[in-house]
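[1] Fold the following for me, if possible:
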Amino acid sequence: MIVLDTSVVLAFMDRRDTDHELVRIWMGEVEDELVTTPLVLAELDHLASRYGGPTAADALRDDFKRGAYSVEWWSSALHDSIAVSERYATMELGLTDASLIALADHLKTLEIATFDERHFRAVRPLRARADAFTLLPADHAASSRP
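    Model prediction:
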């Protein structure tokens with residue numbers, strides 16, 4: 001499973017985005033399930049409506065209806081997300097990003113699809129025996145270079 005951040009979906013939706021082609025190719029190769037939190041869905045809905053208008057919002061909601069992304073929210077998700085946000089308070093890690101760190105821990109995965117390298121390169125997996133997350137598609141592209 002790959003935890004999915006807002007930035008990757010927005011780049012995928014916007015052909016003018018500098019990362020669009022990278023995400024389009026990567027999404028075509030991904031076989032793992034993409035999973036996110038309701039906080040990301042709300043953020044995506046807001047941003048798609050605000051910057052892409054009704055057409056983009058409708059396309060995004062169609063993706064949601066088709067199950068393009070799984071959504072996870074467990075009984076302690078809010079508590080876990082707040083704890084992560086407080087742990088990284090000096091970085092001003094927002095609750096949405098914190099929810100993705102908590103989700104990665106909940107799912108026992110180290111893979112996060114994001115372009116927010118500032119935050120996700122600095123935070124550490126909560127209980128995993130690893131020093132860092134694998135950030136996709138960036139780390140995938142780097143490992144594919146000759």
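
[2] Ser76 and Leu22, how far apart?
    35 Å (CB to CB, to the nearest Å). For the C-beta atoms, the positions are set from N, CA and C on the backbone; glycine is no exception.

[3] what residue ranges in the chain score low on pLDDT?
    Within the chain, the segments meeting pLDDT under 70 span 141-146.

[4] where do the helices sit along it?
    For the chain, the helices defined by DSSP state H cover 6-13, 20-29, 38-47, 53-66, 77-87, 95-107, 117-120, 138-144.

[5] mind checking which of the ones you listed is nearest Ala130?
    Across the helices of the chain, Ala130 has its closest neighbour in helix 95-107 (10.6 Å, CB to CB).

[6] now Ile25: how far from Leu136?
    From Ile25 across to Leu136, the span is 12 Å (CB to CB).

[7] Between the two, which has more neighbouring residues?
    Between Ile25 and Leu136, Leu136 has the larger neighbour count (other CB atoms under 10 Å), namely 23 against 13.

[8] Next, find the distance separating the more buried one from Ala83.
    From Leu136 to Ala83 the distance is 25 Å (CB to CB).

[9] Out of the helices of the chain, which is closest to Arg129?
    helix 95-107 (12.5 Å).

[10] so how far is that closest one off the chain centroid?
    9 Å (CA atoms, centre = their mean, to the nearest Å).

[11] Same check on stretch 36-54?
    12 Å.

[12] quick one: terminal-to-terminal distance for it?
    23 Å (CA to CA, to the nearest Å).

[13] Thr36 touches Tyr69, doesn't it?
    Yes. Using CB atoms under 8 Å, Thr36 is in contact with Tyr69, at 5.4 Å.

[14] who has more neighbours, these two?
    Applying other CB under 10 Å to Thr36 and Tyr69 shows that Thr36 carries more neighbours, namely 26 against 17.

[15] Not counting its neighbours along the chain, what's nearest the more buried one?
    Leu4 (4.3 Å; CB to CB, 6 or more residues apart in numbering).

[16] burial of that neighbour, as a residue count?
    28.

[17] how about the nearest residue to Leu107, chain neighbours excluded?
    Met1 is the one closest to Leu107 (CB to CB, 6+ apart), at 5.1 Å.
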